Every structure is written in structure tokens, then in C-alpha cells.
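> With the sequence up front, the predicted model follows.
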Amino acid sequence: MSSTIYAQSAKELAGDWEMHRISKIVPSDVRHADLKKYLQQLKNIGLKVGEVGKSFGGREIYQMEFGRGATRIFMWSQMHGDEPTATSALVDMFAYLQKNPDKKWVKEIKEKLTIRAVPMLNPDGAELFQRFNLQYIDINRDAKALSTPEGQLLKRLRDEWSPEIGFNLHNQNSLTTVGRTNKQATISFLAVLGNAEGKSNENYIRNKRLISVMKVALDDFIKGNIGRYDDTFNPRAFGDMFSAWGTPVILIETGALHGKDEMFLTQLNFIAYLSALKALVEGSEQKANPKVYEDLPFNSSDRIFNVIFRRANIINFKETSESFTADVGINKERRRAQILAPTYVREIGDLTAYKGLEEFDAREFYLVPRNGQLRIGLGGEFLFFKKGRKIDWKAENLEKTFLPDAIFSDGKWTKGEKFFAKKQ
Ligand SMILES: [Zn+2]
């Protein structure tokens, strides 16, 4: 019965996000300058936003604040510069809270909680769309050494305020899968314990319950695409150290869902955060079952590919004119949405146990690497020739002399897609 109540709320929150969001740019395209515009909009509607520090490259880092309650919640996003989804979701959440003071539960959040959030902790990395800061240090491995100004700031913000719950917000590889399935993990959770001995405590269990609430809320949208990470204590990582220092952390990692865009992922994050905060102030969190979280399957990697060409007749023409038959799995690198992501060959051979987000039957074709050699880790650019065509594989400028029937380049068909169209 409680799940129905959550479900209704989650659906309403989805609609609320559509109506009230101020994030209009695809998260991976949001630069520091765009974030500043968002924050100005938040200030204009009366939200407390202040500069709290600077990045190694001198870019301002900001903190937003809502509420005047006794329970302190601290959230931070994008400590890895190429992990942007939560930055937009946080902006939308604060906009929503600020714009809906008459909703009973928003009032309760305002009276019972104080929420502080640092969106885009790593603005230099965000600008370059890279994981690291400008010192090329992984800020999330700097909790102990504190060699980065961003890491020092994060620690200071925690130590000065001693928040009771932390939300550490990241993106994971889009090909992460749930358990031993071939299903993408669109959202993954971890309640971070924060000690190497595995000693549980009440706040840790409360965070498990909060994750259970978020999981149930998200089931309306991505049932079966939610996973969790295992908790191996890492004394260099901020999630672990926050928990060890007294601020137990909930890790949320956003992946992807084939056919859905980044705004959908932003919406899911918005729904998750607000479901948790709402349950916290309404007390329903105390009735949530930590087992819902514990029953989430652990994530796997290397079970799915961006694209699989099935049973292709491969010709590495730089080496030989003989063909052999195999599946070819290629993946895409992480890039901003507006940039074509480079592809690379991940595996060649029998991939029958695995799934491609896109799959193409290449039995009737020669698959010819554009540069003449199929290599793991190198470009996934292919020419396709119909089997049976008489082709001199040693011809000068093969591609011009014998026009390919199809070409796969930059992760998509640039010619001959019709030959590989899905049979209805
Ligand atoms: Zn990360």
C-alpha cells in the first residue's frame, strides 16, 4: 500500500519537474558560465546562493542553501568533471523547493531540514569534460592527502557544519549493468558504511531506508534498471571519509538508458532526491524496509556493448584477403552530447552471451576495418561489402575503387543503413 503512495508522489514529482525546472541545457553541455546563469535565476527567486571557494583554475565554486531546520543535509555533484547529471538536478530541486512554499511537505522540509548543496565541485574538469581537476588529480581520491583546493573545500564545508547526511552524486559508465543481467544500470546506489571493519550503525541503516524509498519511487520509471555497488572501504575516497568523519553518505551514480536522453536522467535524480527528503520529513522513511536496498543486485561491467555486429565476415586487408567469421563489439567513449563520441573495438569473437544496445546482422557482408586492421582498442570505423562481390582487397584506395555498400562511422551508419534495418 505504501508503494502506491510513493508511486503517486513520484509521478507527480515527474510532472512537477517538467513544470518548474530551470535546467534547459543538456547536462553534459552545461559549462561553468551556464551554471552561473542558473544560480543567478535561483538568487532572483530568493534562494540563498554564495561563493564558497575557488577551483585550482580560479573558477568560483558555489553553495546553495534551503531551509532552516535542525537536520543538516549536504549534497555535492560533479567532483568528476565529466559526470554532470546531478548538477542540473540539484539546480532544479532547489528551484522547485523555492517556488513551492505552499506545498505542505515543502513547508515541512523548510522547517525541519537545512539543505546545502555544492553543484559542480570541479568546474575546471567540467569545462574540459574530464574526470580530473586541473592538477590532473582525481578529487575523489584526495580525501586524505587534500592536495586539491576542491578537496580541501569539500572537507572544510563538512567539518565546519557536520551534516547528518551526505549525498555524493556521480555518473557511472553507461554500459554498467544490473547484476548478471544485460540490463543497463540507469541509477545505482550505495549506502556508504565508512569503516573497514564493517561495523553497522543507526545512521547507516537510516540511509539504507532512504535508498529504499528512492528505489521504490524510481521503480515507476526504470524498474529493473536499478543496481547497487559493493562497499569496499577506500580511505582515499570522500564518500568513505565523510562517513568515517560522521556524515554517512548516500552515493548515487547515474548511468544511462538506451533511447532516453540526459534530461530524463536529470528528472530521475530530481525525483530520487525529493522522494528521500519528503520521506525524511514526513516520517515514512522510518517505515521503509532496508531490505529493498539490500536486495538490489550488485552492478557488473563488460556484459553489454554499444554496438555488436553479428557473424561478420571480417577481412583485415592490410594483412590478408582471407576472411574469418566473428562477432565484433564496439563501444563509445564518454563525450558531451553535442560531440560525436569516438568508438573503439572492445571485443572480437563469440559474443553470443552479450547484448548490444544496437545489434546488426552482418552475415551477408564483409566487414572491413577502414584502416585495414581490426584491433582491440582502436577505431570502430567499418566498410561493408556484400558477400560475393568480387573485390581486390589489395587495391590502391580500396574505398574509392570499390564503393562500399554500407559505412559505419562515428557510431552510426553514414551509408547503407537500410541493409541493416531491424526486421519487423
Ligand atoms: Zn564519479
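Structure received. Please read these numbers as outputs of a predicted model, since none were measured by experiment. Numbering: from 1, shown residues only.

> who in the chain is up against the ion?
Taking CB under 5 Å from the ion as the measure of proximity, the chain contacts the ion at 80, 83, 170. Just so you know, the C-beta spots here come from the backbone N, C-alpha and C atoms, and that holds for glycine as well.

> Ranking by neighbours, what's the top pick from those?
When neighbours are counted by other CB atoms under 10 Å, residue 83 leads these with 25 neighbours.

> Moving C-terminal from the strand ranked longest in the chain, which element do we reach first?
For the chain, the strand that runs over the most residues, judged by DSSP state E, is strand 304-314. Counting by DSSP states H and E, the next helix or strand C-terminal to strand 304-314 is strand 324-332.

> buried sites along whatever helix or strand comes next after that next one?
The C-terminal neighbour of strand 324-332 among helices and strands, as given by DSSP H and E, is strand 343-349. For strand 343-349, a neighbour-count test (16 or more other CB atoms under 10 Å) marks 343, 344, 345, 346, 347, 348 as buried.

> how about CSV for those, with pLDDT added?
CSV is the format used below for these (pLDDT from 0 to 100):
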residue, pLDDT
343, 94
344, 95
345, 96
346, 96
347, 97
348, 97
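
> re the thing from before, excluding its own residues, what touches the longest strand of the chain? List them.
Identification of contacts with strand 304-314 by CB atoms under 8 Å, 6 or more residues apart in numbering yields 175, 177, 182, 184, 323-332, 343, 346-348, 351, 354-363, 365-368, 374, 380, 382, 387, 408, 411.

> Drop the exposed ones from the residues you listed and show what's left.
Among these, those classed as buried by neighbour count (16+ other CB under 10 Å) are 175, 177, 182, 184, 323, 326-332, 343, 346-348, 351, 354-360, 362, 365-368, 374, 380, 382, 408, 411.

> Which one of the residues in the stretch 201-350 of the chain is closest to the ion?
Nearest residue of the stretch 201-350 of the chain to the ion (CB to the ion) works out as residue 253 at 7.2 Å.

> quick check: mean pLDDT across the host helix or strand of that residue?
Using DSSP H and E, residue 253 sits within strand 249-254. Per-residue pLDDT over strand 249-254 has a mean of 98.

> Which residue does the stretch 151-300 of the chain have closest to the ion?
Closest point on the stretch 151-300 of the chain to the ion, by CB to the ion, is residue 170, at 3.4 Å.

> circling back to that earlier point, which other helices and strands does the strand holding residue 253 contact?
When contacts are defined as 3 or more CB pairs under 8 Å, 6 or more residues apart in numbering; DSSP states H and E, strand 249-254 packs onto helix 85-99, strand 165-171, strand 187-191, helix 202-222, helix 238-245, helix 262-282.

> which other residues reach it?
By CB under 8 Å, 6+ apart, strand 249-254 touches 83, 85-86, 165-172, 176, 185-192, 194, 207, 210-211, 214, 229, 238-240, 242-243, 265, 268-269, 272, 276.

> That one - which strands sit beside it in the sheet, and in what orientation?
strand 165-171 (parallel), strand 187-191 (antiparallel) (DSSP bridges).

> Render the CA-only coordinates of the last one in PDB, please.
As requested, the backbone C-alpha atoms of strand 187-191 are provided in PDB (Å, rounded to 0.1, in the frame of the first residue of the first chain):
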ATOM      1  CA  ILE A 187      20.700   4.500 -11.400                       C
ATOM      2  CA  SER A 188      22.900   2.800  -8.800                       C
ATOM      3  CA  PHE A 189      23.000   3.400  -5.100                       C
ATOM      4  CA  LEU A 190      25.400   2.700  -2.300                       C
ATOM      5  CA  ALA A 191      24.900   3.400   1.400                       C
END
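
> List the contacts of it.
Residues outside strand 187-191 that contact it (CB under 8 Å, 6+ apart) are 172, 176, 204, 207-208, 211, 214-215, 218, 222, 225-231, 239, 248, 250-255, 268-269, 272, 293, 296, 299.

> could the strands paired with strand 249-254 be laid out in JSON lines, adding mean pLDDT?
Shown next, in JSON lines, are these (pLDDT from 0 to 100):
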{"stretch": "strand 165-171", "mean pLDDT": "98"}
{"stretch": "strand 187-191", "mean pLDDT": "97"}
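
> Mind checking the ones you listed for the one nearest to residue 50?
strand 165-171 (19.2 Å; CB to CB).

> how about the closest one as PDB, C-alpha atoms only?
Provided in PDB are the C-alpha atoms of strand 165-171 (Å, rounded to 0.1, in the frame of the first residue of the first chain):
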ATOM      1  CA  ILE A 165      23.500  13.000   5.800                       C
ATOM      2  CA  GLY A 166      25.700  13.400   2.700                       C
ATOM      3  CA  PHE A 167      24.700  12.800  -0.900                       C
ATOM      4  CA  ASN A 168      27.700  12.100  -3.200                       C
ATOM      5  CA  LEU A 169      26.500  12.500  -6.800                       C
ATOM      6  CA  HIS A 170      28.200  10.900  -9.800                       C
ATOM      7  CA  ASN A 171      27.700   9.400 -13.200                       C
END
